[in-house]
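[1] Test case, fold it:
(chains A and B)
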Protein chains: 2
Amino acid sequence: MLPASRFAGLPAGAEQAEHSVTHPLGFRAAGVHAGIKKKYRDLALLVSERPCASAAVFTTNAAAAAPVLLTRETAACDRLRAVVVNSGNANACTGKRGLGDAARMRSVTAGALRLPPEEVAVCSTGVIGVQLPIDAVVGGVARAARKASRALGNEFATTILTTDRFAKRGALTLALSQGEVRLGFAAKGGGMISPNMATMLCFVTTDAVIPAPHLQALLARVVGRTFNRVTVDGQQSTNDTAIMLANGASGVGLSGKDLRLFEDAFEQAMLLLALALVADGEGATKVVRLRVEGAADPAEAEVVARAVANSPLVQSAFFGGDPNWGRIVQAVGQIVPPANGAGLKADVAFDRLALVKRGVAAALTYDERRHLQKIMQTREIDVLVSLTRGQGAASVFFSDLTYEYVTVNSEYN
Amino acid sequence: MLPASRFAGLPAGAEQAEHSVTHPLGFRAAGVHAGIKKKYRDLALLVSERPCASAAVFTTNAAAAAPVLLTRETAACDRLRAVVVNSGNANACTGKRGLGDAARMRSVTAGALRLPPEEVAVCSTGVIGVQLPIDAVVGGVARAARKASRALGNEFATTILTTDRFAKRGALTLALSQGEVRLGFAAKGGGMISPNMATMLCFVTTDAVIPAPHLQALLARVVGRTFNRVTVDGQQSTNDTAIMLANGASGVGLSGKDLRLFEDAFEQAMLLLALALVADGEGATKVVRLRVEGAADPAEAEVVARAVANSPLVQSAFFGGDPNWGRIVQAVGQIVPPANGAGLKADVAFDRLALVKRGVAAALTYDERRHLQKIMQTREIDVLVSLTRGQGAASVFFSDLTYEYVTVNSEYN
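    Prediction:
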């Protein structure tokens, strides 16, 4: 099942299903313990039984890891048929040897699946700066290829996890006018990051017929509206990758209303997964949706929203259940240019309760103060910041800053 | 005494002295309990017995507080003679009433000191969004004006504190070719911020003869090299203010070598105070100096340095004594544009021990690993990040992210 949230919901016509990435027709997957992690499964394989259209988006971090460099620069990202993923080691900051190991991981997978190497994507997640135990990986690939089946989508989804507290996966069946199509999802990440670790990974499968150029535009658009709208600590990893495979096995194409339903269901599912990443953000106890309205333009709204969302002061206050709008105003004021001789005239509301009007604290009644305390105890809080500078608007989702964040990220590894 | 640090030192010819801001000739100060805080002194006054040249720099936050708006827009910032400061209430997000209260605080102070109102600066620090108890403030001003003396500089320095764990103050006597001049300092702030609180404040007095335009340039230059180079959580307050008063009471002017010694001593003292703010940054246990070299230009170096310094991942690692250079590389990679098809080629060294060379983890010997553990246990750590993009360089100082930061900032107030 996809995780639940008040901030997203599936459209009518979308039914949840089992087996995540192997729910769509014609996909096989598996996870094995190759020996990178001490104990848990760490090598995952996903393959389509037939040729695919594909799409991929990667981290823009200049310190991109070897598997990202390899896949982005040398794979056929519009016709990928398989993905091999290891957890426990990011193969980042590993130099030429790391690039060689990523290429070896790919060629071994291609050999085992009898595919051209350029149709195989490689992903890694885990510790940075340690060379990959490539012999263990090679052995794991062979076993995963033998084991892969239509029943093991969830095993794939579990194998790619690192410090995640829970799996992020799901599957949908969509009833379209021309027949049913299916979508499968597996994602990982506690926000972007972990102790010595990195990475958001997201894999999407579908048996709908979607040409590659449309698929790339669709994936980029939906990632832009979902995964790119969440933040735990503003940190972007060296390994972030999202890959979508569309093998057309349903024989059903998309157009008109069907296309809109498909994109809506896809986007809502991705938003639920992205929100689950935030909720799993190292130690997080709360998810906040922050909408900024009335900025000079969308770019300013975006910068303001991220400044507030990534403020450790704001995040700490939400952890403590403290409706500290002063820190929100302060973070906004740090971005917005000063008005001539006048203070910032912002409105701030929590779950539609106005706390600040035109830059001045609102006088709350006793009942409103009680209501505010209740709002602060909920796990999902809606915050609206309204400026009077223009029409720009943007939303982001963020988590609170907790003791556990410090614990998880300060432990010597 | 000024606080000590390995990252700054006073020049020969500068001797430390007592009484902080009242060490220079012709200044009086005091602190009283007006009743804004429950118990501690909360109203501080500093005045020169004779006309002054003055200089001031203010927060650039658009949500600037009432006292900042009032002083910046309506005071004679080149000939201020007195400063009135309250702690316990920031008078921020208080609207027209807040502006009126700040003006009242100024006019009452001017009356008590028999000065024109425009020669009085007003500063506030404390909780945001609560109206100032102006009657208590007015009573406090009268008592502080009566009490003010040449012996009470330290009382002034203590009265302006909020959540600070210790006072940041000091005084210097400089032996110049034409005679002695004196400098006095009082600053406050745990980084920039506190629970519901805000503000870095810094007050500097001197009896040297310095014309106002020179003084403004000097203060702006030195603040740029000291207070503007430290960060605790990247948050800039609504009330930050630095004010310098030069009353010329020594009769000694500055030129040539004297001027250089004066500026050097002034800058080193300000850097020691700024580092003390970082060291007092809510729960901080470590101060890190980060130098970025080899950036495309100084602006890029600055952005990279602040991205690393404000990364909660990097800050948490230092708290845990974890030499996690992977997070530094990741933060750098988030800013620097990607190289074509190649990973980021950065060098990283801690106290001159190379941990990363050209983007790849350095192989450390047993002795080097032991040495690294020792480095991570020290309270002041020097980190160098070298890029190969150009000649741009920048340094910032930051503190670690600790449990106490979360405690202090998550408590409901």
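[2] Quick one: low-confidence residue ranges for the stretch 201-350 of chain A.
    A:232-236, A:340-342 (pLDDT under 70).
[3] So which bits of it are right by chain B?
    Residues of the stretch 201-350 of chain A lying near chain B by CB under 8 Å from any CB of the partner chain: A:233-238, A:311-313, A:316-317, A:319-322, A:324-327, A:329-339, A:341-344, A:346. Heads up, the C-betas are built off the backbone N, CA and C, glycines and all.
[4] Among the residues you listed, name the ones in helices.
    Among those, DSSP state H puts A:312-313, A:316-317, A:319, A:325-327, A:329-335 in helices.
[5] returning to that earlier point: derive a ChimeraX selection command for the buried subset of the residues of the stretch 201-350 of chain A next to chain B.
    ChimeraX command restricting these to the buried ones, with burial defined by 16 or more other CB atoms under 10 Å in any protein chain shown:
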select /A:233,234,235,236,237,238,311,312,313,316,317,319,320,321,322,324,325,326,327,329,330,331,332,333,334,335,336,338,339,343,344,346
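[6] Could you tell me how many residues sit around residue A:135?
    A count of nearby residues for residue A:135, using other CB atoms under 10 Å in any protein chain shown, gives 11.
[7] Can you pull the phi/psi pair for it?
    phi -70, psi -40 (degrees, to the nearest 10).
[8] how much space between it and residue A:125?
    20 Å (CB to CB, to the nearest Å).
[9] cool, residue A:360 as well?
    Going from residue A:360 to residue A:125 by CB to CB gives 47 Å.
[10] So which of the two has more stuff around it?
    For residue A:360 and residue A:125, the more surrounded residue by other CB under 10 Å is residue A:125, and the numbers stand at 32 against 19.
[11] Backbone torsions only: list them for the more buried one.
    phi -150, psi 140.
[12] same question, residue A:62
    Reported as degrees, to the nearest 10, the phi and psi values for residue A:62 are phi -70, psi -20.
[13] residues from the stretch 1-150 of chain A in reach of chain B?
    Near chain B, when you scan the stretch 1-150 of chain A using CB under 8 Å from any CB, you find A:60-66, A:69, A:73, A:92-95, A:127-130.
[14] Try it again at 6 Å.
    Where the stretch 1-150 of chain A comes near chain B, counting by CB under 6 Å from any CB of the partner chain, the residues are A:61-63, A:73, A:93, A:95, A:128-129.
[15] Pull the most distant pair out of the residues you listed.
    Taking every pair in those and measuring CB to CB, the maximum separation is 21.3 Å, between A:73 and A:129.
[16] what about residue A:255, neighbour count?
    So residue A:255, with other CB under 10 Å, has 11 neighbours.
[17] Ok, residue A:6 next?
    Residue A:6, neighbours per other CB under 10 Å, totals 13.
[18] Could I get the contacting residues of it?
    residue A:380 (CB atoms under 6 Å, 6 or more residues apart in numbering or on different chains).
[19] Look at it and give its secondary structure.
    Using DSSP: H, G, I helix; E, B strand; the rest coil, the structure places residue A:6 in coil.
[20] Now do the buried residues in the longest helix along chain A.
    Ranked by residue count, the top helix of chain A under DSSP H comes out as helix A:256-279. In terms of neighbour count (16+ other CB under 10 Å), helix A:256-279 has its buried residues at A:258-259, A:261-262, A:264-279.
[21] Likewise for stretch A:366-385?
    Result for stretch A:366-385 [16+ other CB under 10 Å]: buried residues A:372, A:375-376, A:380-385.
[22] Just the ones in strands from these, please.
    Using DSSP state E, the subset of the buried residues of stretch A:366-385 located in strands is A:380-385.
[23] Adding pLDDT and distance to chain B, write those residues out as JSON lines.
    JSON lines is the format used below for these (pLDDT from 0 to 100; distance: CB to the nearest CB, whole Å):
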{"residue": "A:380", "pLDDT": "95", "distance to chain B": "18"}
{"residue": "A:381", "pLDDT": "96", "distance to chain B": "15"}
{"residue": "A:382", "pLDDT": "96", "distance to chain B": "20"}
{"residue": "A:383", "pLDDT": "97", "distance to chain B": "16"}
{"residue": "A:384", "pLDDT": "97", "distance to chain B": "17"}
{"residue": "A:385", "pLDDT": "97", "distance to chain B": "12"}
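[24] how about the strands in the stretch 101-250 of chain A?
    A:120-127, A:168-176, A:179-188, A:193-194, A:197-198, A:201-206, A:230-231, A:241-246 (DSSP state E, counting those that start in this stretch).
[25] How many neighbouring residues does residue A:208 have?
    By the criterion of other CB under 10 Å, residue A:208 has 28 neighbours.
[26] That one is in contact with residue A:180, isn't it?
    No: with contact defined as CB atoms under 6 Å, residue A:208 does not reach residue A:180; the gap is 9.6 Å.
[27] returning to that earlier point: list only those of the residues of the stretch 1-150 of chain A next to chain B flagged as buried.
    Buried among the residues of the stretch 1-150 of chain A next to chain B (16+ other CB under 10 Å): A:61-63, A:93, A:95, A:128-129.
[28] Can you name the residues that contact residue A:177?
    By CB under 6 Å, 6+ apart, the residues touching residue A:177 are residue A:258.
[29] what about it, distance to residue A:260?
    Plainly put, residue A:177 is 12 Å away from residue A:260 if you go by CB to CB.
[30] related to what we said a few turns ago, would you mind pulling up the elements that the longest helix of chain A packs against?
    strand A:168-176, strand A:179-188, helix A:212-225 (3 or more CB pairs under 6 Å, 6 or more residues apart in numbering or on different chains; DSSP states H and E).
[31] Each with direction, which strands does the second one pair with?
    Take DSSP bridges as the rule and strand A:179-188 pairs in its sheet with strand A:168-176 (antiparallel), strand A:201-206 (antiparallel).
[32] residues of the longest one that come out buried?
    By neighbour count, with 16+ other CB under 10 Å as the criterion, the buried positions of strand A:168-176 are A:168-174, A:176.
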